[in-house]
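In: Return atomic coordinates for the entry below.
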Amino acid sequence: MARNMSDLEERMIALLKNNSRMSLLDLSKELGISRITAKKILSSLTASGTIRRFTIALSEDERNLVLVHTGDLSRVPGDLILEYFTLIDGTYLIVMYYENLVRLKDAKIMDVKIASRKTLNEGHARMNHLLCDYCGKEIEGEPITLEIQKRKFYVCCPNCERDLKRRREFLDRVEEA
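Out: From the prediction side, this is the model:
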């Protein structure tokens, strides 16, 4: 069963998906919370298994990949598999390096597709119940993202986007005075 995440947890995950090396201080500033609160949220996400690992991506790891469709995963040496997907029909789609394709001798291969490059959509993160930073309403679909003073805000509609910008401009003028 999926764990219900708070708005702050979902926002932290979105930030870490874009930069898994983000410091606690930067996370706390971006989320508008204390560093201690950011550490508690991060510790909770890792302890619960929601965040399984932090990783980096090398450009060489994203080139010359092969997608192999097979019915028997046990016949593919584990050290060749970068990642795999279990398909609904019980077969497997394996991602591996092109140069290792010759090592699949008895793998019962159903299909092979060669990819020249793998590209991740870094701006996208699954968020289940994100709340609008202006009106507090749950955002349905893709949120509108604003960056104001190096901090990200999520709003549900163009009206809230406009009003949040106005509020921030007003608060900036008050702070300057």
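In: ok, and the closest non-adjacent residue to L65?
Out: A115 (4.5 Å; C-beta to C-beta, 6 or more residues apart in numbering). Backbone N, C-alpha and C define where each C-beta goes, glycine included.
In: Let me see the contact set for the one you found.
Out: By C-beta atoms under 8 Å, 6 or more residues apart in numbering, A115 lies in contact with N64, L65, V66, L67.
In: So which of those is the closest to L171?
Out: Relative to L171, the closest of the contacts of A115 is L65; by C-beta to C-beta it sits at 48.1 Å.
In: Same question for the host helix or strand of that closest one: list its buried residues.
Out: Assigned by DSSP states H and E, L65 falls within strand 63-70. Using 16 or more other C-beta atoms under 10 Å as the test for burial, strand 63-70 gives L65, V66, L67, V68, T70.
In: Using a markdown table, lay out those together with pLDDT and distance to K152.
Out: Output for these, formatted as a markdown table (pLDDT from 0 to 100; distance: C-beta to C-beta, whole Å):
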| residue | pLDDT | distance to K152 |
| --- | --- | --- |
| L65 | 86 | 31 |
| V66 | 87 | 37 |
| L67 | 91 | 34 |
| V68 | 92 | 38 |
| T70 | 92 | 41 |
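In: Dump these to TSV, plus distance to C156.
Out: Formatted as TSV, the buried residues of strand 63-70 follow (distance: C-beta to C-beta, whole Å):
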residue	distance to C156
L65	38
V66	42
L67	37
V68	42
T70	44
